[in-house]
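>>> Below are the sequence and a predicted model; questions follow.
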Amino acid sequence: AYLLARGLSGAIVKRFGLGYSPPSGKMMTNHLRSLGFKDEEIHTAYFAGKNDRGYYDYFRGRVMFPIIDVSGNVVAFGGRVLDDSKPKYLNTSNTPAFIKGKNLFALNFAKNYCSEGMILCEGYLDVISMHQAGFQNAVATLGTAITADHARIIKKYTSKVILSYDSDEAGQRAAQRAIPMLEKVGIRVKVLQMKD
């Protein structure tokens, strides 16, 4: 219901593998244990946190965004609360299979559509909305500012980037940091300005 209220179609929800993590504290942990995973493995993969009472699901009561690498493997998750809880977004931290600064959300799709340019957005929903509107060359960094590794990865697929960040102060600061980083690796940069 939350995703449909945000204007996403059932087809795009399915395409991106969006889901929900129940508010219960141990459903994922118990499921992974039933598959034979050990608690330390579950913790290392960032599915579970640990406190003095033991292990608990890291993602609880959140809309889930799978992070898929260019080979099609789910390597991490982002989760968004449905209320005003903090933090608004939780993201998988670096693990043996995933490094935030070396992955881009939706590059698994965009890599086939970006020879003439890539649209770099701020967040998951921005990217998914772009794809739904037919702009399948949209990607986003994963809850972090753009890194030199991101710029090098983008350069492998295209030589032109259109920055589509929010027009607020934080978005403008992020664009000002991104421009020189992208230009340094030989990418031409334009900034998309949307009014209202």
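It's in. This one's a predicted model, so the numbers in the text were calculated from it and none came from an experiment.
>>> Alpha carbons only: can I get the longest helix along the chain in CSV?
Taking DSSP state H as the criterion, the chain has its longest helix at helix 169-184. Taking Å, rounded to 0.1, in the frame of the first residue of the first chain, the C-alpha atoms of helix 169-184 are listed here in CSV:
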residue,chain,number,x,y,z
GLU,A,169,20.4,22.5,0.1
ALA,A,170,21.7,19.0,0.8
GLY,A,171,21.0,18.0,-2.8
GLN,A,172,22.8,21.0,-4.2
ARG,A,173,25.8,20.4,-1.9
ALA,A,174,25.9,16.7,-3.1
ALA,A,175,25.8,17.9,-6.7
GLN,A,176,28.7,20.3,-6.1
ARG,A,177,30.8,17.4,-4.6
ALA,A,178,29.8,15.0,-7.4
ILE,A,179,30.7,17.2,-10.4
PRO,A,180,34.5,17.4,-10.0
MET,A,181,34.7,13.8,-9.0
LEU,A,182,32.9,12.7,-12.2
GLU,A,183,34.8,15.2,-14.4
LYS,A,184,38.1,13.9,-13.0
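>>> And the contacts of that helix?
With contact meaning C-beta atoms under 8 Å, 6 or more residues apart in numbering, helix 169-184 is reached by 120, 122, 145-148, 150-151, 154, 161, 163, 165, 189, 191. The way it works is simple: take the backbone N, C-alpha and C, and place the C-beta from them, glycine included.
>>> List the buried residues in it.
For helix 169-184, the neighbour count (16 or more other C-beta atoms under 10 Å) marks A174, A175, A178, I179, M181, L182 as buried.
>>> Could you export those residues as TSV, including pLDDT and distance to E41?
Converted to TSV, the buried residues of helix 169-184 look like this (pLDDT from 0 to 100; distance: C-beta to C-beta, whole Å):
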residue	pLDDT	distance to E41
A174	90	35
A175	91	39
A178	95	36
I179	96	41
M181	96	35
L182	97	37
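>>> Just send those back as TSV, with distance to L35 too.
Formatted as TSV, the buried residues of helix 169-184 follow (distance: C-beta to C-beta, whole Å):
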residue	distance to L35
A174	39
A175	43
A178	40
I179	45
M181	40
L182	41
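>>> Looking at those, which is nearest N137?
Closest approach to N137 among the buried residues of helix 169-184 (C-beta to C-beta): L182, at 15.0 Å.
>>> From V74, how far out is that closest one?
27 Å (C-beta to C-beta, to the nearest Å).
>>> circling back to that earlier point, now for the next helix or strand after the longest helix of the chain, which elements pack on it?
Using DSSP states H and E, the helix or strand that follows helix 169-184 in sequence is strand 188-191. Judged by 3 or more C-beta pairs under 8 Å, 6 or more residues apart in numbering; DSSP states H and E, the packing partners of strand 188-191 are strand 160-164, helix 169-184.
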